[in-house]
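Participant: Make a model of this:
(2 chains)
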Amino acid sequence: MTLPFALLAGLVLGGALAAVTCRERVHAGLFLALSLVGLALVFLRLDAEFIGFVQILVYVGAVAVLIVFAILLTRGAENPRERLGNSPGFGILLAVAVFALLAWALTSASFPKASETAAALTVRGVGDRLMREYVLPLQAIGLLLTAALIGAAVIALPAPTNPATPPTNHDPE
Amino acid sequence: MSPLLLHLLLAAALFSIGLGGALIRRNAIVVLISIELMLNAANLNFLAFWRYGPEPEALNGPLFVLFAIAVAAAEAAVGLALIIAIYRRYQTHQLEDISRLKG
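Facilitator: Numbering: from 1, shown residues only, chains lettered A, B, ... in the order given. All right, here's what the predicted structure looks like:
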């Protein structure tokens, strides 16, 4: 294990662990951004420069900021003491068991030999593949993104002013 | 340990952290954050297998990651819109309080 990989792994895992355990939700969103930056650096070290920068642009620039915005839009009448699940110990145990199973399977598996030739992930190569073989999935993903963004805007619109029955299971103030 | 195994173990640890967060926390936004972490662990696996795999010229791993990132962005947008709509109606983030459909 090289030192840069160890540092980046610590950044990714530390950020992720802080994001899921942090009580303050704004901090959780910022820790998520930190973890995703670390993951983008791991991608850069894997010779996938294009994917690393896409990760920074899309995840850190858009998704993490969107999450922080959603947190800030919906804060307010919030009880500071968040309840955990019914049995948090069981959840932790399950997560540790999944990691142990994956680690055991990975260390006991044999992988095919890595290729000797260094792979080059050029933007030209990616664009070439996207425009030739993957042109139909590319169009489909464009349609999906359009539909998802329109749908998100429609869902988040304020409801039309009909005096609906107040929800029964919360106590306003 | 080979670099491939190290990256796969890092992805497994990241996935487990996300899984634990999604199971334990009851805050809708933190559950969404945990799901994002699990998705990113899968992306790391794709890139590691591409980089240290037998035929890196095929570029299949990075292209798959590109599509996965696009789908994850759409998922995050819709999920956060749902959270905002639910918050507007129930004034809560706690998943257990959103139980009107429960029989």
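Participant: buried residues in stretch A:42-54?
Facilitator: A:42, A:43, A:44, A:45, A:46, A:47, A:48, A:50, A:51, A:52, A:54 (16 or more other C-beta atoms under 10 Å in any protein chain shown). Every residue, glycine included, has its C-beta placed from N, CA and C.
Participant: pull the CA atoms of it into PDB?
Facilitator: Extracted in PDB, the C-alpha atoms of stretch A:42-54 (Å, rounded to 0.1, in the frame of the first residue of the first chain):
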ATOM      1  CA  VAL A  42      -8.800   8.200  -6.300                       C
ATOM      2  CA  PHE A  43     -10.300   8.100  -9.800                       C
ATOM      3  CA  LEU A  44      -7.500  10.500 -11.000                       C
ATOM      4  CA  ARG A  45      -4.900   8.200  -9.600                       C
ATOM      5  CA  LEU A  46      -6.500   5.300 -11.500                       C
ATOM      6  CA  ASP A  47      -5.700   7.100 -14.800                       C
ATOM      7  CA  ALA A  48      -9.300   8.000 -15.400                       C
ATOM      8  CA  GLU A  49      -8.900  11.700 -15.500                       C
ATOM      9  CA  PHE A  50     -12.100  12.400 -17.400                       C
ATOM     10  CA  ILE A  51     -14.200  10.400 -15.000                       C
ATOM     11  CA  GLY A  52     -12.400  12.200 -12.100                       C
ATOM     12  CA  PHE A  53     -13.300  15.600 -13.400                       C
ATOM     13  CA  VAL A  54     -16.900  14.500 -14.200                       C
END
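Participant: and residue B:17, how far is that from chain A?
Facilitator: Shown here: residue B:17 relative to chain A, a distance of 5 Å by C-beta to the nearest C-beta, to the nearest Å.
Participant: CA atoms only for the helix or strand hosting that residue, dumped as PDB, please.
Facilitator: Here residue B:17 is covered by helix B:3-24, with elements defined by DSSP states H and E. This file holds the C-alpha atoms of helix B:3-24, laid out as PDB (Å, rounded to 0.1, in the frame of the first residue of the first chain):
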ATOM      1  CA  PRO B   3      -3.600  -2.500  -6.200                       C
ATOM      2  CA  LEU B   4      -6.800  -4.000  -7.600                       C
ATOM      3  CA  LEU B   5      -7.500  -5.700  -4.300                       C
ATOM      4  CA  LEU B   6      -6.800  -2.500  -2.400                       C
ATOM      5  CA  HIS B   7      -9.300  -0.500  -4.500                       C
ATOM      6  CA  LEU B   8     -11.900  -3.300  -4.200                       C
ATOM      7  CA  LEU B   9     -11.500  -3.300  -0.400                       C
ATOM      8  CA  LEU B  10     -11.900   0.500  -0.300                       C
ATOM      9  CA  ALA B  11     -15.100   0.200  -2.300                       C
ATOM     10  CA  ALA B  12     -16.400  -2.500   0.000                       C
ATOM     11  CA  ALA B  13     -15.700  -0.400   3.000                       C
ATOM     12  CA  LEU B  14     -17.400   2.600   1.400                       C
ATOM     13  CA  PHE B  15     -20.400   0.500   0.500                       C
ATOM     14  CA  SER B  16     -20.600  -0.900   4.100                       C
ATOM     15  CA  ILE B  17     -20.500   2.600   5.600                       C
ATOM     16  CA  GLY B  18     -23.300   3.700   3.200                       C
ATOM     17  CA  LEU B  19     -25.300   0.500   4.000                       C
ATOM     18  CA  GLY B  20     -25.000   1.100   7.800                       C
ATOM     19  CA  GLY B  21     -26.000   4.700   7.400                       C
ATOM     20  CA  ALA B  22     -29.100   3.800   5.400                       C
ATOM     21  CA  LEU B  23     -30.100   1.200   7.900                       C
ATOM     22  CA  ILE B  24     -29.500   3.200  11.100                       C
END
